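Student: Structure for this input, please:
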Amino acid sequence: MSLQDVKNPHDAFFKQLMADIDVVRDFLKNYLPEKAVAALNLRKIEPVKDSFIDKELKEHLSDLIFRVKLKRGGKAYVYILFEHKSSPDKWVMWQVLLYAVSVWEVERKEKAKKLSPILPIIFYHGKAPWSYGTRFSDLIDFGGFDELREYVPDFRGILTDISHREDSEIKGKPRLRFGLLILKYAFLKELSGQFVDILKIYNSIRREAGFGFLRTALRYLIRGSKHLTEEVMNESLEKAFPEEEEELMQTLAETWMKRGKKQGLEQGRQEGLREGTASLTIKLLQKRFGAIEAETESRIRALSTAQLEELGVASLDFKSRRALTTWLHGQAK
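Tutor: Numbering: from 1, shown residues only. The predicted structure is shown next:
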């Protein structure tokens, strides 16, 4: 999956990080509960390529499924669910339930004697702390009668909130740590200050890994982070990879151009909205009070979109031009 072709670069980068089975194995060793790790034969892990989910559900889930052998026989499906929003999702456990039922429905149709256990991993790297429960029953209102819980399906998701861990708590081999730190800081303004140290982690594996995944990470940050400028990226690459900095930046030039064009279009849309709101406001005022003086019109056109909206509401109570002048004078204070 190309980061250039997706609407959600966060999800795409996470999938590319987990496209390496060794990285998935490393992640499970370091972030699953010890008892769960002890039950799994991580040497026998493989991706499940066929999707179990429908189009509507696919919009909410990563669709990353791995089949892992149990040490005492059988198999377990391990789910990695990437929650890429900048705020927690109250309904994530409902989505996981629908996902699990889709998997079990396939097994049922295939005449399985029993269903496989599923370990749902909720990977979260939003800016705000995760504020919702990770049990399915947390979504249900028992009205104070907890004895009703035993009649309701329940399971727990394994939450990995990477953004609110200290860097020293982010474990794993260099490729995994590099990818997780990129995801951790993508939403954080501290990214610029930490970027050189993150790049140095990749420097330790670049001879064996090449620059492919590094370029993927850099393109992701250009598209997905508001806290990294081209100047900071240039300086950081020069410090971490002094011999290859120019080559790396040349390959990223097109991505920077696309980001600049997108930001320019967005700014253009916002400015167009403001100008349109100003013109409409002036027309409404002219309809009520007649011609508007050039100086007054200029002051109105200089207002922000929010101020123009406030003026539209306030003008309903204006009895004269003087009321308009007084209001504009108040905005200048």
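
Student: For the stretch 101-250 of the chain, just list every one of the strands.
Tutor: Assigned strands in the stretch 101-250 of the chain, in chain order: 118-124, 158-161 (criterion: DSSP state E, counting those that start in this stretch).

Student: Only alpha carbons, please: show the first one as PDB.
Tutor: What it means is strand 118-124. Extracted C-alpha coordinates of strand 118-124, given in PDB (Å, rounded to 0.1, in the frame of the first residue of the first chain):
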ATOM      1  CA  ILE A 118      -8.900 -14.300  19.300                       C
ATOM      2  CA  LEU A 119      -6.600 -11.800  21.000                       C
ATOM      3  CA  PRO A 120      -7.700  -8.300  20.000                       C
ATOM      4  CA  ILE A 121      -4.800  -5.800  20.200                       C
ATOM      5  CA  ILE A 122      -5.800  -2.100  20.200                       C
ATOM      6  CA  PHE A 123      -2.900  -0.100  19.000                       C
ATOM      7  CA  TYR A 124      -3.400   3.600  19.800                       C
END
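
Student: circling back: give me whichever of the strands of the stretch 101-250 of the chain is most buried.
Tutor: Stretch with highest mean neighbour count among the strands of the stretch 101-250 of the chain: strand 118-124 (a mean of 21; mean count of other C-beta atoms under 10 Å). All C-beta spots, glycine's among them, are computed from the backbone N, C-alpha and C.

Student: tell me the contacts of residue 248?
Tutor: 211, 214-215, 218, 237, 241 (C-beta atoms under 8 Å, 6 or more residues apart in numbering).

Student: Return the distance of it relative to residue 210.
Tutor: When distances are taken as C-beta to C-beta, to the nearest Å, residue 248 and residue 210 turn out to be 12 Å apart.

Student: I'd assumed residue 92 was in contact with residue 139.
Tutor: No: checked against C-beta atoms under 8 Å, the pair residue 139 and residue 92 is beyond contact range at 9.7 Å.

Student: the more surrounded of the two?
Tutor: For residue 139 against residue 92, the residue with the higher neighbour count under other C-beta atoms under 10 Å is residue 92, and the figures read 23 against 15.

Student: one step back: show me the one of the strands of the stretch 101-250 of the chain that comes nearest residue 295.
Tutor: Of all the strands of the stretch 101-250 of the chain, the one in closest proximity to residue 295, counting by C-beta to C-beta, is strand 118-124 (53.0 Å).

Student: For the closest one, which helices and strands make contact with it?
Tutor: Packed against strand 118-124 by the contact rule (3 or more C-beta pairs under 8 Å, 6 or more residues apart in numbering; DSSP states H and E) you find strand 75-83, helix 92-109, strand 158-161.

Student: in the stretch 101-250 of the chain, what spans have low per-residue confidence?
Tutor: In the prediction, the stretch 101-250 of the chain carries residues with pLDDT under 70 at positions 245-247, 250.

Student: So which of the strands of the stretch 101-250 of the chain is nearest residue 319?
Tutor: strand 118-124 (54.2 Å).

Student: Quick one: closest of the strands of the stretch 101-250 of the chain to residue 224.
Tutor: Smallest distance to residue 224 across the strands of the stretch 101-250 of the chain (C-beta to C-beta): 15.3 Å, for strand 118-124.

Student: could you give the angle of the closest one to helix 92-109?
Tutor: Orientation of strand 118-124 against helix 92-109 (axes from the mean of the first three to the mean of the last three C-alpha atoms, to 10 degrees) gives an angle of 150 degrees.

Student: Within its sheet, name the partner strands of strand 118-124 and how each one runs.
Tutor: Using DSSP bridges, strand 118-124 pairs in its sheet with strand 75-83 (parallel), strand 158-161 (parallel).

Student: Can you give me the domain assignment for the chain?
Tutor: According to the domain assignment given by automatic domain parsing, the chain is divided into the following structural domains: 3-228, 255-331.

Student: Single out the most deeply packed of those.
Tutor: For those, where neighbours mean mean count of other C-beta under 10 Å, the stretch averaging the most is domain 3-228, with a mean of 16.

Student: Can you show me the helices along the stretch 101-250 of the chain?
Tutor: Using DSSP state H, counting those that start in this stretch, the helices of the stretch 101-250 of the chain run over residues 174-185, 191-203, 206-209, 212-224, 230-240, 245-289.

Student: Export these as JSON lines, with columns for distance to residue 162.
Tutor: Formatted as JSON lines, the entries for the helices of the stretch 101-250 of the chain read as follows, by distance: least, C-beta to C-beta, whole Å:
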{"stretch": "helix 174-185", "distance to residue 162": "5"}
{"stretch": "helix 191-203", "distance to residue 162": "13"}
{"stretch": "helix 206-209", "distance to residue 162": "21"}
{"stretch": "helix 212-224", "distance to residue 162": "15"}
{"stretch": "helix 230-240", "distance to residue 162": "21"}
{"stretch": "helix 245-289", "distance to residue 162": "24"}
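
Student: Relative to residue 28, which of the ones you listed is closest?
Tutor: Of all those, helix 174-185 comes closest under C-beta to C-beta, at 10.4 Å.

Student: which helices and strands sit right next to the closest one?
Tutor: In this structure, helix 174-185 makes packing contacts with helix 9-17, helix 21-31, helix 191-203, helix 212-224, judged by 3+ C-beta pairs under 8 Å, 6+ apart.

Student: tell me the mean pLDDT over the first one?
Tutor: The predicted model gives helix 9-17 an average pLDDT of 86.
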